[in-house]
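Peer 1: pasting the structure only:
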């Protein structure tokens, strides 16, 4: 197992740096059938996690038993990466169809930050498009740091403040490239989750390269909205600065695991503070999703367009 301990101390928790190829994520998508399942549901009821151990609190009730999941079938209940390493190095997994070395790499080269509430099918398709279109990446050579594959979802590990404020951040910087997956460009679920915002901040602070992945449809909606506003401002003389500014409120973000939220909030309060972290994340997202004005003004300028009539639709 390729756990890497970034900082040496008595209470530092190891950080898993292995990565997974997109082909494994896609194979899981093909197997689940239901395209409306969220990442959280697939992680818990197909791959296996601690959530299904208690049917009374499980979001999906008792419809799946631990032994019916990919990793729960093993008595040791490992992470998916560890299961493949332990039992499927020589022969392919009977359901997934891959051996360990075919889909798991010793170190990820793309940290994937996402909200568990997004649809799993969208998560897989957005990642495939992003990897295929990003220079320097390919589906064959890119190893993704994806939490529900490389980390053991059956157990919760109590992490120290040092882990949250240093180890986690250092590890993201060591990977060096973060892909933030948005399900929507507007009212994005990612911006409402404390884990997601903390991952974004750690990526910024560690000087990792950051890019935001959107579906083609959502990116077009963003492009159309921003182009409209710029054209409207062009004709009315209004300012078009900060036209798609994202407002971040870390204190309103939530976590499924209450202790995670408490630990993340403590790291923010004892570190940079909520006001500063909100601005840092918002600025990074705005910068990443900027649509060049010269492109919009060239392609979308229309002198006869009735902007006043449509103003209410784009506020």
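Peer 2: That came through fine. Just so we're clear, the structure is a prediction, and the values are computed from it rather than from any experiment.
Peer 1: For the protein, which segments are assigned as helices?
Peer 2: Applying DSSP state H to the chain gives helices spanning 22-32, 39-42, 80-87, 100-103, 120-133, 147-150, 161-162, 168-175, 194-205, 216-236, 258-269, 274-288, 293-300, 307-310.
Peer 1: JSON lines please, covering those helices and showing mean neighbour count and mean pLDDT.
Peer 2: Using the backbone N, CA and C atoms, a C-beta is placed for each residue, glycine as well. Listed next are the helices of the chain as JSON lines, based on neighbours: other Cβ atoms under 10 Å; pLDDT from 0 to 100:
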{"stretch": "helix 22-32", "mean neighbour count": "18", "mean pLDDT": "97"}
{"stretch": "helix 39-42", "mean neighbour count": "21", "mean pLDDT": "96"}
{"stretch": "helix 80-87", "mean neighbour count": "21", "mean pLDDT": "96"}
{"stretch": "helix 100-103", "mean neighbour count": "18", "mean pLDDT": "98"}
{"stretch": "helix 120-133", "mean neighbour count": "19", "mean pLDDT": "96"}
{"stretch": "helix 147-150", "mean neighbour count": "23", "mean pLDDT": "96"}
{"stretch": "helix 161-162", "mean neighbour count": "14", "mean pLDDT": "74"}
{"stretch": "helix 168-175", "mean neighbour count": "20", "mean pLDDT": "94"}
{"stretch": "helix 194-205", "mean neighbour count": "23", "mean pLDDT": "96"}
{"stretch": "helix 216-236", "mean neighbour count": "16", "mean pLDDT": "71"}
{"stretch": "helix 258-269", "mean neighbour count": "16", "mean pLDDT": "90"}
{"stretch": "helix 274-288", "mean neighbour count": "16", "mean pLDDT": "92"}
{"stretch": "helix 293-300", "mean neighbour count": "13", "mean pLDDT": "50"}
{"stretch": "helix 307-310", "mean neighbour count": "11", "mean pLDDT": "45"}
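Peer 1: Residue 14 is nearest to which of those?
Peer 2: With respect to residue 14, and counting by Cβ to Cβ, the nearest of those is helix 168-175 at 9.8 Å.
Peer 1: coming back round to it: of all the helices of the chain, which one comes closest to residue 109?
Peer 2: Distance to residue 109, taken as Cβ to Cβ, is lowest for helix 168-175 among the helices of the chain, at 6.6 Å.
Peer 1: what angle do the closest one and helix 258-269 make?
Peer 2: 80 degrees (axes from the mean of the first three to the mean of the last three Cα atoms, to 10 degrees).
Peer 1: Quick one: list the elements packing against helix 168-175.
Peer 2: Using 3 or more Cβ pairs under 8 Å, 6 or more residues apart in numbering; DSSP states H and E, the elements in contact with helix 168-175 are strand 110-113, helix 194-205.
Peer 1: Including distance to residue 183, could the helices of the chain go into JSON lines?
Peer 2: Below are these laid out as JSON lines (distance: least, Cβ to Cβ, whole Å):
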{"stretch": "helix 22-32", "distance to residue 183": "15"}
{"stretch": "helix 39-42", "distance to residue 183": "10"}
{"stretch": "helix 80-87", "distance to residue 183": "23"}
{"stretch": "helix 100-103", "distance to residue 183": "25"}
{"stretch": "helix 120-133", "distance to residue 183": "6"}
{"stretch": "helix 147-150", "distance to residue 183": "16"}
{"stretch": "helix 161-162", "distance to residue 183": "31"}
{"stretch": "helix 168-175", "distance to residue 183": "21"}
{"stretch": "helix 194-205", "distance to residue 183": "11"}
{"stretch": "helix 216-236", "distance to residue 183": "8"}
{"stretch": "helix 258-269", "distance to residue 183": "21"}
{"stretch": "helix 274-288", "distance to residue 183": "14"}
{"stretch": "helix 293-300", "distance to residue 183": "24"}
{"stretch": "helix 307-310", "distance to residue 183": "26"}
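Peer 1: pretty sure residue 152 contacts residue 79?
Peer 2: Yes - assessed by Cβ atoms under 8 Å, residue 152 is found in contact with residue 79 at 4.2 Å.
Peer 1: Please give me every residue in contact with the nearest residue in space to residue 113 that is not next to it in sequence.
Peer 2: Sequence neighbours aside, residue 199 is the residue nearest to residue 113 in space, at 4.1 Å (criterion: Cβ to Cβ, 6 or more residues apart in numbering). The contact partners of residue 199, by Cβ atoms under 8 Å, 6 or more residues apart in numbering, come to 111, 113, 172, 178, 180.
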